[in-house]
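Undergrad: With the input below, show me the fold.
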Amino acid sequence: MKKLFIPIIMLLLVAAGCKDNDTNEVDVETYTLCDSVYIETEYGNGYSHFNVSLDLPVTENKTLYQSIIHWMLSDDTEDHVAYLETQKKGFFEEDGSEPRSEYEENYTLTEQTDTYVTYINEGYIYTGGAHAMPWYNGTTFSKLDGSIVGYDLFEDPERLIGMIAKNMEEQYFAKYAEEDGFLEFEEITLLPDNEPWIETDCVVFCYQPNEVAPYADGMPLCKIALTDLEPYLSEKGKSFLNTTLP
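TA: Have a look, this model is predicted:
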């Protein structure tokens, strides 16, 4: 009987470890709301569209769940059905009250490790005029405490502006200048309004339309390797990223 004691203990420890990992694992259940309203005005007629898709988190980590849901919806609710119905109603009554108006938005889980999960939020709104207004940004959530991990990874984020500008010019403006007719790159002197996010071995920085370049230049984006960012990390950043790196 004594010979079985150690193997049984080991099995229990392994089972406990698996349970902890399962607690932090995030699966998704996609909820989609697509609707349209036919509108006639003195200037024309057509459908107004409202389309939203959410990768709702499915996890035993309650703090992480609440953080992601509140980011998608608002701090006041976790009821995605009621929230989206209210958003849809408001759109059709206000911005989407003209023919051929459109609202499109997607929240997609793109990556996760043992310590974080990253979502991408992208979409656009069109209510007439020359073009739609798009957006694209990511958000990284810590599985350790559910918090959003962004600029607080760095001791002094302002010190990153020069590095961001250099990588933005090389990875974005120079790359697409000839094929898309981009305007000449202008000096970047400010950080993106949106928090950066983590992807595998890098941090992503993205500017929205008109933030540092004309609308026609799109949404300038660059990725900077974690190894290049090490000298700029805060104590939180060093602790967090040490747990994410292999």
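Undergrad: Just want the most central residue of the chain.
TA: residue 138 (2.2 Å; CA atoms, centre = their mean).
Undergrad: got a pLDDT number for that residue?
TA: On the pLDDT scale, residue 138 is placed at 98.
Undergrad: wouldn't it be in contact with residue 197 here?
TA: Yes: judged on CB atoms under 8 Å, residue 138 makes contact with residue 197 at a distance of 3.4 Å. Placement of C-beta: from N, CA and C, glycine included.
Undergrad: residue ranges for the strands of this protein, please.
TA: 27-41, 44-58, 102-112, 116-126, 133-142, 148-149, 197-199, 202-206, 221-225 (DSSP state E).
Undergrad: strand partners of the shortest one, parallel vs antiparallel please.
TA: Within its sheet, strand 148-149 is paired with strand 133-142 (antiparallel), according to DSSP bridges.
Undergrad: what angle do the partner strand and strand 202-206 make?
TA: Angular relation of strand 133-142 and strand 202-206 on a 0 to 180 degree scale: 150 degrees, by axes from the mean of the first three to the mean of the last three CA atoms, to 10 degrees.
Undergrad: buried stuff in strand 133-142?
TA: Under the neighbour-count criterion of 16 or more other CB atoms under 10 Å, strand 133-142 has 134, 136, 137, 138, 139, 140, 141, 142 buried.
Undergrad: Identify the residues contacting that strand?
TA: With CB atoms under 8 Å, 6 or more residues apart in numbering as the test, strand 133-142 has contacts from 64, 67-68, 71, 110, 115-126, 147-150, 194-199, 204, 206, 208-209, 219, 221, 240.
Undergrad: Quick check: ChimeraX command selecting the buried ones in those.
TA: Only the buried entries of the contacts of strand 133-142 go into this ChimeraX selection, using 16+ other CB under 10 Å:
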select :64,67,68,115,116,117,118,119,120,121,123,125,126,147,149,150,194,195,196,197,198,199,204,206,208,209,219,221,240
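Undergrad: and the gap between the residue nearest to the centre of the chain and residue 206?
TA: Using CB to CB, to the nearest Å, residue 138 is found at 7 Å from residue 206.
Undergrad: Which neighbours do those two have in common?
TA: With contacts taken as CB under 8 Å, 6+ apart, the residues that reach both residue 138 and residue 206 are residue 196.
Undergrad: Tell me the span between the first and last residue of stretch 150-165.
TA: End-to-end distance for stretch 150-165, by CA to CA, to the nearest Å: 18 Å.
Undergrad: buried residues in that stretch?
TA: Here stretch 150-165 shows 150, 151, 153, 154, 157, 160, 164, 165 as buried, counting by 16+ other CB under 10 Å.
Undergrad: Can you tell me how far the third one is from residue 124?
TA: Put plainly, it is residue 153. Relative to residue 124, and taking CB to CB, residue 153 is found at 29 Å.
Undergrad: now swap in the fifth one and tell me
TA: Distance from residue 157 to residue 124, counting by CB to CB: 28 Å.
Undergrad: Can you list the buried residues in stretch 228-245?
TA: Those would be 229, 232, 233, 237, 240, 241, 244, for stretch 228-245 by 16+ other CB under 10 Å.
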